[in-house]
Each structure stands twice: as C-alpha cells, then as structure tokens.
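J.: next come a sequence and a model predicted from it.
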Amino acid sequence: MGTVTAVEDQRERGRELAVALAADGVAGLIIAWADNNGIPRSRTVPVAALPEVAATGVGVTTLFAVFDTNDAITFAAPGLQTPSGDLRLVPQLDRITRLAGQPAFAWAPGKQVTAEGGPWAFDQRSVLERTIARLDEAGYSALVGYEMEFAVYEQPQDTDDDVLVPAHPGPAYSPHALLPIDDFVAAVMRDAEANGLRLGQVHAEYGPAQVELSLAATDPLTAADQQAFLAATSLPRYVEKGECLIEQGEDAAELMMLCRGMTHTVRTLADGKQQIVAVSLAGDFLNSGGVLFRQARNSIFALTPAICLSLPFKQVEALARTRPAIAHALWLETAAQAAIQQEWMVWLGRRAAQTRLAHFLCEVTYRLQLAGIGTRGEFEFPLTQRELADLLGLSAVHVNRTLQILRGQNLVELNHQRLKVCNREGLYEVAEFDPRYLEGPAFSAGGSI
C-alpha cells in the first residue's frame, strides 16, 4: 500500500510541475544521467507526459552500463550480454531547472531503477547516495567541487575547409589569453548564473584553445547534479546576418541580451512600409520593454553574425525583486534607451538630412568606442544605404548624395561596410553632436550589466 501511495504522490507532483512548466513555455524535460565513463546521456519527454514519467519513469536499456567512451558496447559483462530487459529512468523532481539558453526545455537529473522500481546496481546516482549515507552514519560530511576543461576553436570565415584553429593562443593562465574569447566566456558565466550554477573561477589553461572552469564546492549530490547540468547546459544562441531574433506581434518569453554583433529593430506598418527604430550593440538588452509588454511591438534582425543570451522574464522579475543591483541595472538600461530615442525624435523631426546622418554616425561610433569595439576611428558598419534611408526617414538617393557630401568634406569614409571617421571634431560640428546623453552609467560600463 505504501508503494502505491508513493507512486501516486509522484504522479500528482509531476502533474503540478507539468502545469507550471507549460505555463512558462517549456515543451520538454531533459532527464540526464552520467554513465560509467562520465559521459552525459539523456531522454527528453514532453511536459504533458511528466505525471506518468514522474511516477514510473521512462525506459532505457541496461546496456548503458557497458557503453565505452566511443559509444561502442561490450557484451562480455556477466548479465549484460544482450540488450534484453528494461530499466526505468526517473526524474528527480526537486532538481528540475529551466534552461536559460534553451527556454523551451527544462533539465533534471535521473535515477535508473529496475522495471519493478527497485535499485539498479549500475546506477551511479544511487551509489553516490549510499556513499553519502555511510559518511553520515560515520559522523562525516563532504564538500565536492568540479573542474571542467574544454577547448574553444573557431573556423576561419575565409576558407571552406573544415579546419579549426584555436580561439585563443595563450599564454597559459594569462588574462590576455581570454581576450579573443571574452564574449564567449562572459556568455558562459551569465548562462551559468541564470541556471543557478555557482562558478568558482574561469581561466585559460596550459595549451592554446584550452579553458578551465570550476564549480564552487557543495554537497556531493548537488555537486554531481551541477556538473552534469553544466555539461548539458545550452550555450548562447548564435545567429546569422539577417536572421530574425524577435518577430513583431509574437509573445516573447525571455529578455534577450546581445553579447556580440549588431542588430536593428524594425516596425512594419499595415501598408508594408518599415521604419528602423533602434540599433543595438554588444551589451544592449534587445527587448527590455518586454518585462512589461510581452507582445513584441517590433521585429529585431541581426545586422551581423551575432551571439545572444536569453533569460526568462519570470527569472528577471524574481532577480529584480531580490537583487537591487539588477533592478538598478534594468532601470539604467531603460533610461539610456530613452535618452537615445529622444535624440532620434529631435533629428527626425527638426534636423536637415546632412545633420541627421552625421548625428547618427556620431552616435553609433561613440557607442562602439565606449564598448571597446573597433580600432580608433574605424568601425564595422553593416547598415546599407537603403537601411539608413529607412532609419533616417530619407530616400536611398538622398542618403547616397548626403554621404558623398560628408566624404567630400573629408569627414568620413564608408567602404565595404567599414566606417572611418576622418575628422571627428568636424563631424561633431556638422552633426551638432553633444555626447553627454551617452555618458551615463549604463554606457560607461560598456553594457547594461
């Protein structure tokens, strides 16, 4: 009778969690475990199936106990010579976590049991639980931390070969080694924080491309779950130039932060005409207004290859309530965007074409300079003349003519999507540009948070 009651309790708890997860936009639950080689394996189940899965688990083969590191299977182990038989993988409901980088999925560690619900000799989680119990009986406790080493490579864009080169050249353990991958490292750290993982430290390891991070010490079972979770956690979203990140009219579930690249925000009118209403750079929140208004009023497109990090709005709201520094940062971001929008309203409504274009070029280059992007006086500038026309409320012909005037005055050069400011003071004078509206704390920090 006790076993039946326990199963029904699990089923009811699974039903409650399924409702809550579905309301948050979660479609599937990833149930993960580590095999004898430390390799994470998983099953993903629909959220609607969680009540039954919580009660009786999902089926897995007994042969995972004899997988090797190359996914080959040995059939020499006594009792495991064939794939016959069935195990049940049961999610640990108290450890379910929604993935910040994959908001449509949640993650939970799993325990392998027999088809009857009894212990399975090769279940690593059960072995750890028994070890902790024996330590406790002997009057001991333990703290465990994990180190994880991995390599970061990139594929050169100027070759079609599948050649990977180290993303950082060293020197070993030097902060300079992380400079080429600082956006990646920052995104990993933010993703870990959003997923509730407390990192100890991150550093460049001995060889080129090598990176190591450590998890802060905690109890053995939590440490094992966190290590598996970090290994399974989705990295930030990589988008191609022209890809739509948020579509006008859709219900947005996450706050999106731009970690690398450039985007523009577009409002499409009923007649199909478009107006660019914002340009975002690395460090900007793309849709902070979504904290209050979940339906997107604009579409956001990548102007360059970009990296984004997402955090569910419910987590943002919870963090803002409990961490004043985060609430303050969101306020600064809103104030900074409002300052930019006010300047745009002025030059759209009252300034001539040459002043309008010059002011926008001053604003973008000044913000890029604050963020440490580009070389002195020269920056990537992916906006086309047609896009500049949509942004400035001019025709493409008028934009071209105005650029020619600025070039003829030796103020700027714009070639092959590279903008060079030849005479900064002269450009500021033509633009009537006063950068003080860009010098608040949100900008001087090089980003929002």
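T.: Structure received. Numbering: from 1, shown residues only.
J.: so how far is Lys420 from Gln295?
T.: Gln295 sits 40 Å away from Lys420, going by CB to CB, to the nearest Å. Where you see a C-beta, it was placed from the backbone N, CA and C, and this is true even at glycine.
J.: tell me which helix or strand comes right after the longest strand seen in the chain.
T.: Longest strand in the chain, counting residues (DSSP state E): strand 105-114. Per DSSP states H and E, the first helix or strand lying C-terminal to strand 105-114 is helix 124-137.
J.: quick one: that following helix to strand 105-114, angle?
T.: For helix 124-137 against strand 105-114, the angle by axes from the mean of the first three to the mean of the last three CA atoms, to 10 degrees is 80 degrees.
J.: in helix 124-137, what's buried?
T.: Residues 124-125, 128-129, 132 are the ones in helix 124-137 that count as buried (16 or more other CB atoms under 10 Å).
J.: now it: mean pLDDT?
T.: Averaged across helix 124-137, the pLDDT comes to 91.
J.: neighbour count winner among Gln295 and Lys420?
T.: Applying other CB atoms under 10 Å to Gln295 and Lys420 shows that Lys420 carries more neighbours, namely 16 against 10.
J.: so is that one in a helix, a strand, or just coil?
T.: strand (DSSP: H, G, I helix; E, B strand; the rest coil).
J.: show me the contacts for Ala108.
T.: Ala108 makes contact with 29-32, 91-93, 95-97, according to CB atoms under 8 Å, 6 or more residues apart in numbering.
J.: any chance of the residues you listed in TSV, with distance to Leu63 too?
T.: What follows is those, written out as TSV (distance: CB to CB, whole Å):
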residue	distance to Leu63
Leu29	23
Ile30	21
Ile31	18
Ala32	17
Pro91	21
Gln92	23
Leu93	27
Arg95	25
Ile96	27
Thr97	28
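J.: pLDDT, neighbour count and distance to Leu319 added to these, as JSON lines?
T.: Converted to JSON lines, the contacts of Ala108 look like this (pLDDT from 0 to 100; neighbours: other CB atoms under 10 Å; distance: CB to CB, whole Å):
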{"residue": "Leu29", "pLDDT": "95", "neighbour count": "29", "distance to Leu319": "23"}
{"residue": "Ile30", "pLDDT": "94", "neighbour count": "23", "distance to Leu319": "23"}
{"residue": "Ile31", "pLDDT": "95", "neighbour count": "26", "distance to Leu319": "27"}
{"residue": "Ala32", "pLDDT": "93", "neighbour count": "20", "distance to Leu319": "25"}
{"residue": "Pro91", "pLDDT": "95", "neighbour count": "27", "distance to Leu319": "26"}
{"residue": "Gln92", "pLDDT": "94", "neighbour count": "15", "distance to Leu319": "25"}
{"residue": "Leu93", "pLDDT": "94", "neighbour count": "16", "distance to Leu319": "23"}
{"residue": "Arg95", "pLDDT": "91", "neighbour count": "16", "distance to Leu319": "20"}
{"residue": "Ile96", "pLDDT": "93", "neighbour count": "21", "distance to Leu319": "19"}
{"residue": "Thr97", "pLDDT": "89", "neighbour count": "18", "distance to Leu319": "15"}
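J.: of these, which is the nearest to Pro208?
T.: Comparing the contacts of Ala108 against Pro208 with CB to CB places Ala32 closest, at 30.6 Å.
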